[in-house]
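[1] Fold the following for me, if possible:
(one chain, ligands or ions: 1)
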Amino acid sequence: MKEESVSSTHSGSEPRKDSLSNKLLVELSHVEKHYGRLHVLKDINLQVHQGEVLVVVGPSGSGKSTMCRTINRLESIDSGVIRIDGQLLPEEGKDLARLRAEVGMVFQSFNLFANKTILENVTLAPIKVRHMDKKEAEDLAMDLLTRVGVQSQASKMPSQLSGGQQQRVAIARALAMKPKIMLFDEPTSALDPEMVNEVLDVMIELAQEGMTMICVTHEMGFARKAADRITFMADGRILEEGKPDEFFDHPKSERAREFLSKILTH
Ligand SMILES: Nc1ncnc2c1ncn2[C@@H]1O[C@H](COP(=O)(O)OP(=O)(O)OP(=O)(O)O)[C@@H](O)[C@H]1O
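    Predicted coordinates for the structure are as follows:
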C-alpha cells in the first residue's frame with residue numbers, strides 16, 4: 001500500500017478465494033462461559049481454516065467479543081476445548097505464551113504506548129519476544145508500516161496521529177509477531193466515520209493476501225465483501241453460518257432476519 005493512499009471506498013477488487021486450505025487453524029468445541037449468573041457462551045463450536053476470513057456478526061451483547069477473547073485466553077472458559085493449529089490451548093504456562101503469539105489481536109482501542117514512537121511501538125515485541133536485533137526489527141517494522149500506509153509517521157508519537165493511522169499502526173504491531181491468525185475485535189468502532197474505510201481497506205488487503213482472519217464487526221459492507229464465511233451469534237449461541245451472499249440475501253433464522261433488517265436500515 002502506498003503512503004497515505006488508502007482508498008476511501010472499499011469497492012472494486014474481488015476478495016480472494018484461492019488461498020483457502022483444509023488445515024484447521026482455530027477450533028472451538030463445546031465452549032461454555034458464564035460471567036457470574038450470565039451465560040454468555042453456549043456450546044460454541046467454531047472452525048477456521050488456514051487462509052479463511054471469518055466475520056462474526058450479531059446483536060450487541062450476543063457474546064461476539066467474549067468468544068473472540070477466549071481464543072487466546074484473554075477470557076477464561078468454563079468448559080470445552082480450544083485448539084490453535086491443532087494444539088490444545090492450555091490455561092497458563094509457556095505453551096500458552098507460545099500459542100498466544102500465533103494470534104495477533106487488534107482491538108477497538110489501539111492501546112499504543114503513548115511514550116514511545118510509532119517505530120518503537122512496532123519494534124518492541126519483535127525485539128523482546130522474538131529476540132530480533134534492533135536493525136532487523138526496525139527493517140521489519142518499516143516494511144509493515146509501509147504496508148499499512150503510515151511509514152512517514154515512524155518517528156512521531158502516537159498522539160500526533162489520527163485514530164485511523166493509530167489503528168493501522170496497531171495492525172502493523174500485531175503483524176510484527178508474524179501471527180498465523182489475525183483476530184480483529186470491532187477495530188473500527190472507536191473511529192470517526194471518515195477513518196473507518198482506511199482501516200477496512202488494510203484488512204481487505206490482508207484478506208486478499210491470504211491471512212487467516214476472524215473479525216468481529218458491525219460493518220456489514222466489509223462483512224459481505226471480505227468474508228469467506230459469516231457466523232451469526234445471538235444470546236451467546238452461534239445460530240447461523242454461511243457464505244456472505246447466503247447469509248445476507250437468505251438468512252435462515254428469524255433472529256438473523258430481525259438483526260439484518262435493523263442494521264441494514266440504519
Ligand atoms: N467482564 C465482564 N463481566 C461481566 N459481564 C460481561 C463482561 N464482559 C462482557 N459481559 C457481558 O457479556 C455479554 C456478552 O458481551 P460481549 O461484549 O461479548 O458481546 P458482543 O456481542 O461483543 O457485544 P457488542 O457488539 O456490543 O460489543 C453482555 O451481556 C456483556 O454485558
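[2] okay, and the helix or strand of the chain with the least pLDDT?
    Least confident helix or strand of the chain, by mean pLDDT, DSSP states H and E, is helix 94-100 with a mean of 79.
[3] mind listing what's buried in it?
    Residues of helix 94-100 classed as buried by neighbour count (16 or more other CB atoms under 10 Å): 99-100. Placement of C-beta: from N, CA and C, glycine included.
[4] same question, stretch 71-80
    Buried positions in stretch 71-80, judged by neighbour count with 16+ other CB under 10 Å: 71-75, 77, 80.
[5] The residues you listed: which two are farthest apart?
    Maximum pairwise distance among these (CB to CB): 15.8 Å, between Leu74 and Gly80.
[6] for the protein, what spans make up the strands?
    Taking DSSP state E, the strands of the chain run over residues 24-35, 38-49, 53-57, 79-84, 87-88, 103-106, 181-185, 212-216, 229-234, 237-242.
[7] Pro193 and the ligand, how far apart?
    18 Å (CB to the nearest ligand atom, to the nearest Å).
[8] Need the CA coordinates for the least confident helix or strand of the chain. PDB is fine.
    Extracted in PDB, the C-alpha atoms of helix 94-100 (Å, rounded to 0.1, in the frame of the first residue of the first chain):
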ATOM      1  CA  LYS A  94       4.900 -21.400  28.400                       C
ATOM      2  CA  ASP A  95       2.800 -23.200  25.800                       C
ATOM      3  CA  LEU A  96       0.000 -20.600  26.300                       C
ATOM      4  CA  ALA A  97       2.500 -17.700  25.700                       C
ATOM      5  CA  ARG A  98       3.800 -19.500  22.600                       C
ATOM      6  CA  LEU A  99       0.300 -20.200  21.200                       C
ATOM      7  CA  ARG A 100      -0.900 -16.700  22.100                       C
END
